[in-house]
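*Asks:* Fold the stuff below for me.
(chains A, B, C and D, ligands or ions: 4)
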2 protein chains.
Amino acid sequence: MTTHIHSNQNTLQSLEHNHNDCVSEALVTAEHLCIDRGVQLTPIRHKVLELIWESHKAVKAYELLDRLKPLQQAAKPATIYRALDFLMEQGLIHRVESLNAFVGCRCSGHQHEQLLLICKLCQEVEERNAKEVMSALSEETKQAGFIVYSKAIEVHGLCAKCQDLSVEKS
Amino acid sequence: MTTHIHSNQNTLQSLEHNHNDCVSEALVTAEHLCIDRGVQLTPIRHKVLELIWESHKAVKAYELLDRLKPLQQAAKPATIYRALDFLMEQGLIHRVESLNAFVGCRCSGHQHEQLLLICKLCQEVEERNAKEVMSALSEETKQAGFIVYSKAIEVHGLCAKCQDLSVEKS
DNA sequence: AGTTAAACGTTATAATATAGCGTTTAACTA
DNA sequence: TAGTTAAACGCTATATTATAACGTTTAACT
Ligand SMILES: [Zn+2]
Ligand SMILES: [Zn+2]
Ligand SMILES: [Zn+2]
Ligand SMILES: [Zn+2]
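*Replies:* Numbering: from 1, shown residues only, chains lettered A, B, ... in the order given. Ligands and ions are numbered 1, 2, ... in the order given. Okay, here's the model as predicted:
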């Protein structure tokens, strides 16, 4: 049993990078950004953002609710959905449409077109700018005479780490 | 009131093309395709496909259920979801992830990567092959070392017809 | 300090989707 | 063509996701 550390709970990605850095960067960025914009990153909103950043996995609203309850006795669905709405408005998280789930945004405050690579095995979501994809898409919508308001580009499959994991196991 | 025929119920697209042709083509294609594949396009599945093809709009499961009930007394959620699952498996319809809704596929039986252009005004969905987008996307996922199982590329905005409509009205 | 708007608490309910199990129907086999 | 098997369907219940509505508290702004 040399592969037990490669469970879905502890993915290679989780082990290979210092996730504390991801979390603190995301939170510090969010705090600054909200101050700059004059919007309130209230304790509840901050906690929800922190909970989302517990991993790079897409996380469900009611899963967040369960995790928030111990910290926030009064938490109800509306509590979570309001916080999620705020965090999305501020571009701090993304909604993964094809999963009805949410994931922290790695480029908060910058441009906001993104491609999400969603791993079926570890559930982690990788966000990519994918400039070439976006420009091809702009060209395509232009040809269609379509005015774009928003985009959801989501790819499901197997991430590089989970492929390695499969190879190791075999 | 010269613009009343341009309501959301009767879009320009609805008026400008013979939608009966869309419907019969979709149904005939589906019938042939199911025979070829040795799968059953049962009366219920056929009816649901027909209901989906009543327009080019994305349609919700429970909306379909309401419309099916008069024709199929026993219809329950499972009735609809089973039919939808079948139709999706056969590539006869697409699920619009960002709307939790469904739309008829215009290129059933062919390749299946597609871009969906979803109009916020008329709710109609245009399906495009978008070859350049797809090849850029393939390149991007390749660079990410990501093995693709499925894709959802959904763009929300304003279709050409609804833009014209806005201009006419102003 | 008073006014106003945002955020939150709370209850209820809407909307979307699946599980499980028994019955009917169709397809296949001998 | 009768028997066998698997698919499709009926039916009940329930899980999951999300919003509405309204009153109270808190923060921001005169
Ligand atoms: Zn990390
Ligand atoms: Zn993975
Ligand atoms: Zn048509
Ligand atoms: Zn339109």
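*Asks:* which residues does residue A:95 contact?
*Replies:* With contacts defined as CB atoms under 8 Å, 6 or more residues apart in numbering or on different chains, residue A:95 is in contact with A:84, A:88, A:101, A:102. Heads up, the C-betas are built off the backbone N, CA and C, glycines and all.
*Asks:* what about the second one, distance to residue A:102?
*Replies:* Pointing back at residue A:88 there. Shown here: residue A:88 relative to residue A:102, a distance of 8 Å by CB to CB, to the nearest Å.
*Asks:* thinking again about what came up before, can you tell me which of the contacts of residue A:95 are in strands?
*Replies:* Mapping those onto strands (DSSP state E) picks out A:101, A:102.
*Asks:* Tell me, how many residues neighbour the closest residue to ligand 4 within chain A?
*Replies:* Per CB to the ion, residue A:146 is where chain A lies closest to ligand 4, at 9.0 Å. Close neighbours of residue A:146, defined as other CB atoms under 10 Å in any protein chain shown, add up to 22.
*Asks:* what's the answer for residue A:89, then?
*Replies:* Around residue A:89 there are 10 residues (other CB under 10 Å).
*Asks:* what does residue A:16 give?
*Replies:* 9.
*Asks:* do residue A:126 as well
*Replies:* Applying other CB under 10 Å, we find 20 residues neighbouring residue A:126.
*Asks:* so what's it up against?
*Replies:* A:56, A:116, A:117, A:119, A:159, B:144, B:146 are the contacts of residue A:126 under CB under 8 Å, 6+ apart.
*Asks:* Residue nearest the middle of chain A, spatially speaking?
*Replies:* Note on chain A: the residue nearest the mean C-alpha position is residue A:103, at 1.9 Å, using CA atoms, centre = their mean.
*Asks:* Surely that one touches residue A:119?
*Replies:* No. The criterion here is CB atoms under 8 Å, and residue A:103 misses it with residue A:119 at 11.6 Å.
*Asks:* any shared contact partners between the two?
*Replies:* residue A:125.
*Asks:* is stretch A:160-170 up against ligand 1 anywhere?
*Replies:* No. Stretch A:160-170 lies out of reach of ligand 1 by CB under 5 Å from the ion, never closer than 12.3 Å.
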